[in-house]
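[1] For reference, the sequence and a predicted model appear below.
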Amino acid sequence: MRPAFAVACLALAACTGVAAHGDSGRSEPMIADGTDFGMRPGDTVTLADRSTLRYLRLVNDSRCPPDVQCIWAGNAEIAFAWHDAAGARATFSLHTTVGDKQHRLGTRMLTLRSLARGDAPQAQLHIDIAP
């Protein structure tokens, strides 16, 4: 009986984990430098330097609807929060057309590649070491 009890304890211990930087009790995905990745509003990821990036919300979307001819293409803005590993916090926005498509996060550069449409659009992003 004792070996079976020990195996059960080890199996239970293997299922227990510690969340990385999250208040929700779940671990955020780790994003390596040089990677393209997607995020939706509310998503949080951990970057290679152990800082965290959270996609807060769609701030504004004045982009021309698909299949409509517009004089101006419009612009969309999305808001993020970044926490470095030492605990410093910053908020910033990225834009699809007018404004910043990139933002420096410590020694890294975050780039907005594309933004889907809708009330909670998925953002396609790229993270890499800043030049």
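    Okay, I see it.
[2] make it CA atoms for all contacts and neighbour counts henceforth
    OK.
[3] Can you tell me, leaving aside adjacent residues, what's nearest to residue 97?
    Closest residue to residue 97 apart from its sequence neighbours, by CA to CA, 6 or more residues apart in numbering: residue 75 at 5.1 Å.
[4] same check, this time on residue 37
    Leaving aside its sequence neighbours, residue 37 sits nearest to residue 125 (CA to CA, 6+ apart; 5.4 Å).
[5] quick one, what contacts that neighbour?
    Contact partners of residue 125, counting by CA atoms under 8 Å, 6 or more residues apart in numbering, are 36, 37, 38, 39, 110, 111, 112, 113, 114.
[6] Among these, which are located in helices?
    Among these, no residue falls in helices (DSSP state H).
[7] Buried among these? Make that a PyMOL selection.
    Filtering those down to the buried ones (16 or more other CA atoms under 10 Å) takes a single PyMOL command:
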select buried, resi 36+39+110+111+112+113+114
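[8] still on that earlier bit, did I read that right, the residue nearest to residue 37 in a strand?
    Yes - assignment of residue 125 by DSSP: H, G, I helix; E, B strand; the rest coil places it within a strand.
[9] when you give positions from now on, start the count at 35
    Sounds good: first residue 35 from here, last item residue 159.
[10] picking that back up, now render the contacts of residue 159 as JSON lines, adding distance to residue 164 and pLDDT.
    Listed next are the contacts of residue 159 as JSON lines, based on distance: CA to CA, whole Å; pLDDT from 0 to 100:
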{"residue": "70", "distance to residue 164": "15", "pLDDT": "97"}
{"residue": "71", "distance to residue 164": "17", "pLDDT": "97"}
{"residue": "72", "distance to residue 164": "20", "pLDDT": "97"}
{"residue": "73", "distance to residue 164": "21", "pLDDT": "98"}
{"residue": "144", "distance to residue 164": "9", "pLDDT": "98"}
{"residue": "145", "distance to residue 164": "11", "pLDDT": "97"}
{"residue": "146", "distance to residue 164": "14", "pLDDT": "98"}
{"residue": "147", "distance to residue 164": "16", "pLDDT": "97"}
{"residue": "148", "distance to residue 164": "20", "pLDDT": "96"}
